[in-house]
Each structure stands twice: as C-alpha cells, then as structure tokens.
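*Asks:* Could you work out the structure for the sequence below:
(2 chains)
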2 protein chains.
Amino acid sequence: MTTPTHSFDQAITLKALGGDRFEGHTSAPYWNMIGPFGGITAATALHAVLQHPALLGQPVALTVNYAAALGQGPFVVTARAARTNRSTQHWSVELTQDDSHGVPAVVLTGSVVTALRRDTWGINDTPMPDVATPDAALPAPWHSPIEWINRYDVLQLDGPLPKQWDGAASTAGAATASLSRLWMRDNPPRPLDHCSLAALADVFFPRIYLRRALRVPAGTVSMTVYFHADAAAMHATGDGFVLGQARAHGFSAGFHDQSAQLWNTEGSLLATSVQVVYYKE
Amino acid sequence: MTTPTHSFDQAITLKALGGDRFEGHTSAPYWNMIGPFGGITAATALHAVLQHPALLGQPVALTVNYAAALGQGPFVVTARAARTNRSTQHWSVELTQDDSHGVPAVVLTGSVVTALRRDTWGINDTPMPDVATPDAALPAPWHSPIEWINRYDVLQLDGPLPKQWDGAASTAGAATASLSRLWMRDNPPRPLDHCSLAALADVFFPRIYLRRALRVPAGTVSMTVYFHADAAAMHATGDGFVLGQARAHGFSAGFHDQSAQLWNTEGSLLATSVQVVYYKE
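*Replies:* The predicted structure is shown next:
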C-alpha cells in the first residue's frame, strides 16, 4: 500500500483486516472541536464499502448516524453486504472504537445503497442558482482555528456566519432565513469522487447559528446523501469548485433539519443531501 | 395481546420473540403490486424500535432501505440499540424473511435515531402552501385495484397522476414539473402517531410518472423521515387530514430523488422526508 499524498486520501485510508472489517485512524488535519469533522467520517464509512471486494456498482445513497464523537486514534469500520441483487446492493456500515476499558463501542451506524447505474432518460430539475462565479467571489480571509475548515477552499456567497452573536432574529423571509450558498473544494484541490462529495455535503455550519445568530451547542446526528452525478459530471467537475446551497425547514424540540444541493460550475446537479442537527436551548 | 381494530395497527403488529427480535406478518389490506406498500414496512420497522423495552425517548430520524420485495407471510424484525447516550439512542434495524429454501434473507435495512426531546426555541420556516382546505377539495372518485391505496383518504390538489400516459413533457417549470400536493389521512381515520406519519411520507406515487407521463417501472430504494412534530402538534392533528407536498430535484442514470414536507391543517410542520427511487428507461 503506497501512502496517498493528499490529506483527504490519507484521512480516509483504511487497512483491510479481512472479511468485512477495515481499520482506520483519525486524522489531525480534519479535526473538529471534540472529534473529527463529520464529513470525513462519512467519507471513510463510504470508502470501506467502495474498497470492499464484493462491491457491486457505485453509490446511490449514503446514510450515516453519528452516535458518538470519535477520540483520536484507530477505529474499525465494518461494511457488510446485507443483500446483493442483480443490479443493486445494500450495505450496513458500523464504526467502532475502543472505549477507555478497551471495549469496542459503536460510534457510527449507517447504510449505503450501490447500484449498476445505467443510461436512462434524465433531467436536472434544480438549476443552479444565479450566483457570482468562483473567480468573482471572495475567499474567506482567515485561517481557522478549527483544523478541518482549512482543508477546504470556501468562497462564501449568501448566508455567512453572523458577524455578531447577538441573537438578533433574521429579517429574511422563512425560506432564506437559514440559507447559505458557497463555492467549495478540497484544499489543495483534488479531483472530485463520491467520497469527497459526501464530505462536501457536510461542510455547512449548523443552520441554527445563522437562524438565531447564537452559537448554541449543535451537532449533526444523521446525514443522508443521494448521488446524482454520473461519471461524466464527476469527471467534468475535476478539482474545480462545487456550489453548495443549504437551508433548514423546521426547528423543533432540540432538532432541526437541513437540506442541501450541490452543483459543479457547469450547473450539473451532483448530489442532494439532508441532515438532522441537534441543538441546545 | 388484544387484536387491534384498525387495519393500520393490525398491519404493524409485532410479536416479541425475545431479545431484539420481533415477528410480523404482511397484511393483505396494505398490499401493493409485488409486495407490501413501502410505507407500511417503514412503519413496522419503526414500530419494532418503539416497542423495544430499551427504548429511550421518541423518534427523530428514520432511514429504511428496501432491499427486496417481501413475499406474503411472516417476517422477522431485528431492532438493536447500537448505542445509547444520555439523551439519544441509535438503532440498527433489519427485516428478514425466509427465502424459498427456508433461509432468512435480508429484505430491509435501516436505522432509527430516538431522543429525549426537550423544549427549546423553535420555528417553522416552511409555512404550509396556500391550498384549498380539505372541505373544499374533491376526493378521488375511484376505488383503486391497488389495495393499500384504499387504506388512505386522499384529496388530490396539484400534480395528480397523468390522465394520459403519452410521454408528453411537462410544460411546468423545473420546480413544479414533478410537484404534487394532496390532503391525506388513514381510512378509516386514525389518530396520527410516528408510525402512521412515517407511512404517510411514502404515499406519493413515483415522481417519474408525473414528470414523464410514462408509467415506467419504478420503486423506492431508500427513504429517510425526520420527525418535527412535538407531542402538541401530533395531538392537535388527531385523525384529521395531513397536507403532503412532494417533488424531485434530479433524475439521472436510473434514480431520482424526492423531497416531501407534511403539515397538519393548522400549518404545523410534522415531518420532512426524502427518498431515492429506482426507475427504468
């Protein structure tokens, strides 16, 4: 096994332990506050499926449930083909990490659907919104103290982090009060694939920050990604920018949703994604 | 165990087999074309979690992956608490059914997140669209040959099934070309709970039918439901109508997505849901 050179590929590297088990290790460059960036963990879970010798086809859907923060160190991914049909395959995924007593504890559960994708009639019914091109957008001027954020080039368009955490209610309409749009890509640039696309779907900061202008404790509990990009769209994206758009629909009793869409610069819809986010207060 | 009187409760009835295992049986009143209505199977998977003695809290998120059509007869649901935290719990769910050789085969995989939901700040950022009230809407005039459809009162608003399957492209804009809106409730009426809400999220016919005016082979592969309704909203809904709205964002290489929102007549957002649907041609 040669060591990959890009920090993203290093972070999602898995060593086959035989059968359905793979060993990974948390990555300092993708560290968040009390655990790894959720997007890199999702990408690692997907990576286990994609390097499993029994894999059929390519990803259609990915769901990951974040059961606990990972600690720094090794972990085990188990990817099991629960059902293999003629053209679809259903994977159950689990990440475990030894607790302080050396007992494996579940830190993530999830599922992946893969399929032999065939040429069919198709249409993009979600045109890319009319935004400034990456050339015309301004990069974030700061170096973030949160390590994983520096692993992405982000050009913020609409809905940036509030400048003042003053709890001022948004004056925008309901549909845009929690809306962010941004150009993003790996830093340094890296050709897009299903794993990096899954991670990009989790780059958006919690919508509750934007909606309330309050930095309440918040974290993703579950995320689902549907992959729309065919091979041509993935190839055309290359290592270029991806436009991401995210908003919430409802905030209730400690949880809010988020819906996101991702396009390449040509306007191809690459992925749609939802997540549910825990928040306090 | 007393036998429930409503067909929905009969259909999701599970007999505890001990440990994490429950036995169910497919229900003729909820039969679809080559297997049960996907919504009733999702509700049954959730029901196993909700009647598990180790349950903590109430549902936040449900994902089900339809791995194969169930045949008529008994099946086993396994609901395992993969991780229990102080206020959240992560469940892995699997349905198996014996194949023709008597060997259990996986027919559904899934996951459920439950949580102790607490009073927090909240807001509905997705107001109910302006539609005719259920009193003013017309019920479907037919008795469907597809049995499960008769288990729902449906009042169609926008985006009905095409009258002619002529493959005529929609003349609506991209955002509405696959949009349906309808009032729906159990038939006979039944007070809404998390299980029946999960089933309602799957009542919409495949968006590809509407988008193309072609009845190509199609079926849901994976569905995710996020529960926004608090106890008050659930209680206020009672056995009244629920407004459902669904649309697709992209159709590509044999799969399309669907996003749905569900409100009660008071405009409370009850659930948001996505699914990915296989289609042919």
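*Asks:* where does the stretch 151-281 of chain A come near chain B, residue by residue?
*Replies:* Among all residues of the stretch 151-281 of chain A, those adjacent to chain B (criterion: CB under 8 Å from any CB of the partner chain) are A:174-175, A:177-178, A:211-212, A:221-222, A:224, A:226, A:228-230, A:247-255, A:257, A:259, A:261, A:269, A:272, A:274, A:276, A:278-281. Backbone N, C-alpha and C define where each C-beta goes, glycine included.
*Asks:* Return the subset of those lying in strands.
*Replies:* Among those, the members falling in strands (DSSP state E) are A:221-222, A:224, A:226, A:247, A:250-252, A:255, A:257, A:259, A:261, A:269, A:272, A:274, A:276, A:278-279.
*Asks:* Please name the residues that touch residue A:30.
*Replies:* Contacts for residue A:30 were tallied using CB atoms under 8 Å, 6 or more residues apart in numbering or on different chains; they are A:7, A:11, A:36, A:37, A:40, A:147, A:148, A:151.
*Asks:* what about chain A, any weak spots by pLDDT?
*Replies:* Using pLDDT under 70 as the threshold, the predicted model of chain A has low-confidence ranges A:1, A:140-142.
*Asks:* Report the two of the contacts of residue A:30 separated the most.
*Replies:* Put simply, by CB to CB the two of these set farthest apart are A:7 and A:36, 12.5 Å from each other.
*Asks:* And these two? Which one has more around it.
*Replies:* Neighbours per residue (other CB atoms under 10 Å in any protein chain shown) separate residue A:7 from residue A:36, with residue A:36 holding more: 23 against 20.
*Asks:* Hmm, residue A:24 and that one touching each other?
*Replies:* No: the pair residue A:36 and residue A:24 fails to qualify as a contact (CB atoms under 8 Å) at a distance of 10.1 Å.
*Asks:* Chain A - how does it break down into domains?
*Replies:* Residue ranges for the domains of chain A, per automatic domain parsing: A:7-115, A:147-279.
*Asks:* Go ahead and list the helix or strand containing the most centrally placed residue in chain A.
*Replies:* Ranked by distance to the mean C-alpha position of chain A (CA atoms, centre = their mean), the top residue is residue A:199 at 2.9 Å. Following DSSP states H and E, the helix or strand that holds residue A:199 is helix A:194-200.
*Asks:* For my notes, confirm residue A:42 occurs in a helix.
*Replies:* Yes: secondary structure assignment places residue A:42 in a helix (DSSP: H, G, I helix; E, B strand; the rest coil).
*Asks:* Regarding the residue of chain A most remote from its centre, what is its secondary structure?
*Replies:* Taking CA atoms, centre = their mean as the measure, the residue most remote from the mean C-alpha position of chain A is residue A:101, 30.7 Å away. Taking three-state DSSP as the rule, one finds residue A:101 in the coil state.
*Asks:* State the distance from it to residue B:86.
*Replies:* Computed with CB to CB, to the nearest Å, the distance linking residue A:101 and residue B:86 is 18 Å.
*Asks:* mind checking the backbone torsions on the residue lying closest to the residue nearest to the centre of chain A once chain neighbours are set aside?
*Replies:* Taking CB to CB, 6 or more residues apart in numbering or on different chains, and ignoring the residues beside it in sequence, residue A:199 has residue A:39 as its nearest neighbour in space, at 3.5 Å. Backbone torsions of residue A:39, given as degrees, to the nearest 10, read phi -60, psi -40.
*Asks:* repeat for residue A:104
*Replies:* Dihedral angles phi and psi of residue A:104 (degrees, to the nearest 10) take the values phi -60, psi 130.
*Asks:* Just grab the bridge partners of the residue lying closest to it once chain neighbours are set aside for me.
*Replies:* Closest residue to residue A:104 apart from its sequence neighbours, by CB to CB, 6+ apart: residue A:96 at 4.1 Å. Taking DSSP bridges, one obtains residue A:76, residue A:106 as the residues bridged to residue A:96.
*Asks:* any idea how far residue A:67 is from residue A:96?
*Replies:* Between residue A:96 and residue A:67 the distance, using CB to CB, works out to 10 Å.
*Asks:* Those two: who's more crowded?
*Replies:* residue A:67 (26 against 19).
*Asks:* Can you report phi and psi for the more buried one?
*Replies:* Here is the backbone geometry of residue A:67 (degrees, to the nearest 10): phi -90, psi -30.
*Asks:* picking up where we left off before, kindly write the ChimeraX command that selects the buried subset of the ones in strands among the residues of the stretch 151-281 of chain A next to chain B.
*Replies:* For anyone working in ChimeraX, the buried entries among these, judged by 16 or more other CB atoms under 10 Å in any protein chain shown, can be selected with:
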select /A:221,222,224,226,247,250,251,252,255,257,259,261,269,272,274,276,278,279
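*Asks:* Tabulate the domains of chain A (a markdown table), appending distance to residue B:184.
*Replies:* Formatted as a markdown table, those follow (distance: least, CB to CB, whole Å):
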| stretch | distance to residue B:184 |
| --- | --- |
| domain A:7-115 | 25 |
| domain A:147-279 | 19 |
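*Asks:* Can you tell me, leaving aside adjacent residues, what's nearest to residue A:217?
*Replies:* Counting by CB to CB, 6+ apart, residue A:217 lies nearest to residue A:280, which is 4.3 Å off, once chain neighbours are set aside.
*Asks:* For the one you found, give me its contacts.
*Replies:* The neighbourhood of residue A:280, defined by CB under 8 Å, 6+ apart, consists of A:216, A:217, A:218, A:254, B:120.
*Asks:* Pick the one among those closest to residue B:71.
*Replies:* Using CB to CB, these come closest to residue B:71 at residue A:254, 40.2 Å.
*Asks:* Counting neighbours, what do you get for that closest one?
*Replies:* Using other CB under 10 Å, residue A:254 has 24 other residues around it.
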